[in-house]
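Engineer: Turn this into a structure:
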Amino acid sequence: MADVLDYKCPFCGGKMEFDTALQKMKCPYCDSTLEMSEMEGKDAVLDTDASASDDSAHAGPTQDSIDFDIENGASWTDAQGMAVFTCNSCGGEIISDENTVATACPFCGNPVVLTSRVSGMLKPEYVIPFKLDKAAAKKRLADYVKSKRFAPGAFRSENKLEEIKGIYVPYWLFDSDVDAAATFAATRVRHWSDSKFDYTETSFYDISRAGSMRFENIPVDGSTKMPDDLMESIEPFNFGDAVDFQTAYLSGFLADKYDVSKEASLPRATERLKVSTGEALRSTVQGYATVTEKSSFVNTRNGRSKYALYPVWLLNTSYRGKKYTFAMNGQTGKLIGDLPASPGKLAALFGSVTAGVTAAAFLIGLMIGFF
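Structural biologist: Predicted coordinates for the structure are as follows:
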């Protein structure tokens, strides 16, 4: 089986990449385009010899049943370390780590897919194609910085965008039916007055809720390279845009295979499921002054898992010697990241708050005769 898969324009021989605006393959040299359906034959190589991938022996089936009550799991990575592949276009060496799926030749820029990382059991079932391109990511970052009140003014002009890359991040997606129940303590408060007194009446209630629900496509980031909190912050992804996996969608982008197993991802999926279930039951308890959960029970059944790749833009910028990383959802444009805070703007805010408190204290003092 070929180790390196690339995409040549059938008209001029140039490299073809996935165009986010057209949602087609496009040649930047002759502007020819191809429908994604015309690229399906490229992936026949992925299924010709599933056993040829050493990784396949370690990865279980993706659509099998799962138990959401799992307590612990262990992450797994293969033992290949760094690997060397040969570019089909120029013969140059492409060096990658053990999880790289899609990259580009460092010599000629030819986009390639390393087929052993997406063959057999390692082949994703779905991919959400990039909807937004690099220009959109840059603009979104600029708008994000402008919207932050306390970011230093100089940051907008002095920060340098050192790196921007579109990467398909591996995700485990979990489905489950849920039977759940919860009890809540709630209160209602009533106030009234007569000619002599003001009255307050507090009524106490015990409330029970129970029901069944279905969760689909609970996402858990399957890459140790990506901080979970950062990836969860750019959710949600709309799975309605997902399509059957094709390697052609990766052309022009980076991609990694998972290095966190499905089993190791289950505890996070289970926690997210339980929180969402509790919120769903809590949302039905309305019309009370206070609501406190007393107990809850969650039972899962018919658990299933899927393996997919989701689009993410990573932007690295520097300002006065410090690096700042931003992540943007390549489908929706939602962006998150840390910004430096201007000491001057924070001081001005603190000063205005202090002045406001002082003025209020002075007025109160006048009213009670302190001044």
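Engineer: what about the strands in the stretch 251-371 of the chain?
Structural biologist: Secondary structure of the stretch 251-371 of the chain, counting by DSSP state E, counting those that start in this stretch: strands at 254-256, 290-319, 322-329, 335-337.
Engineer: Could you give the bridge partners of Ile94?
Structural biologist: Phe85 (DSSP bridges).
Engineer: hang on, the earlier thing: could you identify which of the strands of the stretch 251-371 of the chain is most buried?
Structural biologist: Stretch with highest mean neighbour count among those: strand 254-256 (a mean of 23; mean count of other C-beta atoms under 10 Å). Using the backbone N, CA and C atoms, a C-beta is placed for each residue, glycine as well.
Engineer: Counting by contacts, list what that one packs against.
Structural biologist: Packing contacts for strand 254-256, counted by 3 or more C-beta pairs under 8 Å, 6 or more residues apart in numbering; DSSP states H and E, involve strand 100-104, strand 160-193.
Engineer: Okay, now the sheet partners of that strand, with direction.
Structural biologist: Here strand 254-256 has these sheet partners by DSSP bridges: strand 100-104 (antiparallel), strand 160-193 (parallel).
Engineer: Output these as CSV; include the columns mean pLDDT, distance to Glu271 and mean neighbour count.
Structural biologist: Below are the strands paired with strand 254-256 laid out as CSV (pLDDT from 0 to 100; distance: least, C-beta to C-beta, whole Å; neighbours: other C-beta atoms under 10 Å):
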stretch, mean pLDDT, distance to Glu271, mean neighbour count
strand 100-104, 93, 28, 23
strand 160-193, 94, 11, 17
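Engineer: And the ones you listed: which comes nearest Asn88?
Structural biologist: Closest approach to Asn88 among the strands paired with strand 254-256 is made by strand 100-104 (12.4 Å; C-beta to C-beta).
Engineer: Next, count neighbours for Gly13.
Structural biologist: Neighbour count of Gly13, defined by other C-beta atoms under 10 Å: 11.
Engineer: And what about it, helix, strand or coil?
Structural biologist: Recorded secondary structure, Gly13: coil (DSSP: H, G, I helix; E, B strand; the rest coil).
Engineer: Can I get the helices and strands packed on strand 254-256 in CSV including distance to Lys42?
Structural biologist: Listed next are the helices and strands packed on strand 254-256 as CSV, based on distance: least, C-beta to C-beta, whole Å:
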stretch, distance to Lys42
strand 100-104, 13
strand 160-193, 16
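Engineer: Kindly state the pLDDT recorded for the residue nearest the centre of the chain?
Structural biologist: The chain has Met231 as the residue nearest its centroid, 3.5 Å off, counting by C-alpha atoms, centre = their mean. pLDDT, Met231: 93.
Engineer: who's in contact with it?
Structural biologist: Going by C-beta atoms under 8 Å, 6 or more residues apart in numbering, Met231 touches Val169, Asp221, Val312, Ala327.
Engineer: hmm, 6 Å instead?
Structural biologist: Counting by C-beta atoms under 6 Å, 6 or more residues apart in numbering, Met231 makes contact with Asp221.
Engineer: can you tell me the helix or strand for it?
Structural biologist: helix 228-233 (DSSP states H and E).
Engineer: residues of that helix that come out buried?
Structural biologist: Leu230, Met231 (16 or more other C-beta atoms under 10 Å).
Engineer: CA atoms of it as PDB?
Structural biologist: Only the C-alpha atoms of helix 228-233 are listed here, as PDB (Å, rounded to 0.1, in the frame of the first residue of the first chain):
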ATOM      1  CA  ASP A 228      -9.400  19.900  26.300                       C
ATOM      2  CA  ASP A 229     -10.600  23.200  27.800                       C
ATOM      3  CA  LEU A 230      -9.600  25.100  24.600                       C
ATOM      4  CA  MET A 231     -11.300  22.700  22.300                       C
ATOM      5  CA  GLU A 232     -14.500  22.600  24.400                       C
ATOM      6  CA  SER A 233     -14.500  26.500  24.400                       C
END
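Engineer: how distant is it from the center of its chain?
Structural biologist: 6 Å (C-alpha atoms, centre = their mean, to the nearest Å).
Engineer: again with stretch 272-288
Structural biologist: Using C-alpha atoms, centre = their mean, the offset of stretch 272-288 from its chain centre is 23 Å.
Engineer: Make 437 the first number, not 1, from now on.
Structural biologist: Will do, 437 is the new start, and the previous item becomes stretch 708-724.
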